[in-house]
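Asker: got a predicted structure here, sequence first:
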Amino acid sequence: MTSRHATSRTPQGDRPMTKTLGLIGADNIGSALARLAVAAGLNVVVSNSRGPETLAALVAELGEQARAATPAEAAQAGDLVVATVPLNTYEQLPAAALAGKTVIDTMNYYPERDGRIAELDSGEQTSSALVQRHLADSQVVKAFNSIDFVRLFSSARPAGADDRSALPIAGDDPAAKAQVTELLDILGYDAVDIGTLAASWRSEPGTPVYVQPYLPTRPEGLTDEEMGRWFFEVPGVPVPADKVRELIDTAVRRPAGDARATLG
């Protein structure tokens, strides 16, 4: 199933088709992905740092296709695993349990939350490269980091829909990127391959493709309460694959962390 904007797929090789999605982190982005996955017919294993019992309400909402587990259990259960935790906790990801897995990294570097990370501030590394270094036996693919969680859920569309959006992905392993491209397609998005993890800065905070293109122009003069209501209620703006490529091509690298967390 493809759309007129879809990026061409490459064979997955020995990568299994995704039937179960493991999630390490179940806050905003994680919960949105869990809901999309269940709606697409996938099984979901959700986890967080606080324990499976804290996810009872989410699992009850998701229904029979979902269960809660520990991060290591979610890692082992998933045909594909999403790591969606604050970047400053990436070294807590269970590397042994994730060995041999494709791991989707949704994380962004926000110094006001994560503290300063010298390798990122200097431009020596991208945040996803740090995650890949920690998960040396996994294949890391950057995805879902450039759209806010509300629009991530509400803007998903079937393949072929005129208002379908695309999202950038980056990674070093072609088979892993093909697996993630298939997942995006199942969840309601086209994928635009922007290159290796070294190029993943092109979708980070402060770049042209980050969050804002998927939102309409914010009205001026809103109170904080009105702004909150607008953010949660406003429909997303479709951003097709050709527009994503255009935005990616215009990105200029700035010191990591210069852009404050905005709506992400």
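Answerer: The structure has been received and is ready for your questions. Numbers count the residues shown, from 1 in each chain.
Asker: and the closest residue to Thr102 other than its chain neighbours, how close does it get to Gly115?
Answerer: The spatially closest residue to Thr102, leaving aside those adjacent along the chain, is Ala176, at 4.2 Å (CB to CB, 6 or more residues apart in numbering). The C-beta positions use only the backbone N, C-alpha and C, and glycine is treated the same way. Distance of Ala176 to Gly115, computed by CB to CB, to the nearest Å: 29 Å.
Asker: now do Ala159
Answerer: Using CB to CB, Ala159 is found at 41 Å from Gly115.
Asker: for the residue nearest the centre of the chain, give me phi and psi.
Answerer: Nearest residue to the geometric centre of the chain (CA atoms, centre = their mean): Phe144, 2.2 Å. Here is the backbone geometry of Phe144 (degrees, to the nearest 10): phi 60, psi 10.
Asker: quick one, what contacts it?
Answerer: Taking CB atoms under 8 Å, 6 or more residues apart in numbering, we find Phe144 in contact with 29, 33, 82, 84, 104, 106, 152, 167.
Asker: coming back round to it: who's more crowded, Ala159 and Gly115?
Answerer: Ala159 (16 against 10; other CB atoms under 10 Å).
Asker: Val82 versus Ala106, what's the distance?
Answerer: Not quite, residue 106 is Thr, not Ala. 6 Å.
Asker: when those two are compared, which one has more neighbours?
Answerer: Taking neighbours as other CB under 10 Å, Thr106 and Val82 compare with Val82 leading, 29 against 25.
Asker: right, and the helix or strand after the longest helix along the chain?
Answerer: If you go by DSSP state H, the chain has its longest helix at helix 174-187. Using DSSP states H and E, the helix or strand that follows helix 174-187 in sequence is strand 190-193.
Asker: what's in contact with that following strand?
Answerer: So strand 190-193 is contacted by 3, 5-7, 143, 164-170, 177, 180-181, 184-185, 240-241, 244-245, 248 (CB under 8 Å, 6+ apart).
Asker: from these, which land in strands?
Answerer: Mapping the contacts of strand 190-193 onto strands (DSSP state E) picks out 166-170.
Asker: out of those, who's nearest Glu124?
Answerer: Ala170 (17.1 Å; CB to CB).
Asker: quick check, the closest one in contact with Thr196.
Answerer: Yes. Here Ala170 lies in contact with Thr196, judged by CB atoms under 8 Å, at a distance of 6.4 Å.
Asker: between those two, which one's more packed in?
Answerer: Applying other CB under 10 Å to Ala170 and Thr196 shows that Ala170 carries more neighbours, namely 27 against 17.
Asker: where along the stretch 151-264 of the chain do the helices fall?
Answerer: 174-187, 224-233, 241-249 (DSSP state H, counting those that start in this stretch).
Asker: need the contact partners of the last one.
Answerer: Read it as helix 241-249. Applying CB under 8 Å, 6+ apart, the set of residues contacting helix 241-249 from outside is 5-7, 166-168, 190, 192, 194, 202-203, 207-209, 213, 239.
Asker: I'd like the mean pLDDT over that helix, please.
Answerer: The average of the pLDDT scores along helix 241-249 is 98.
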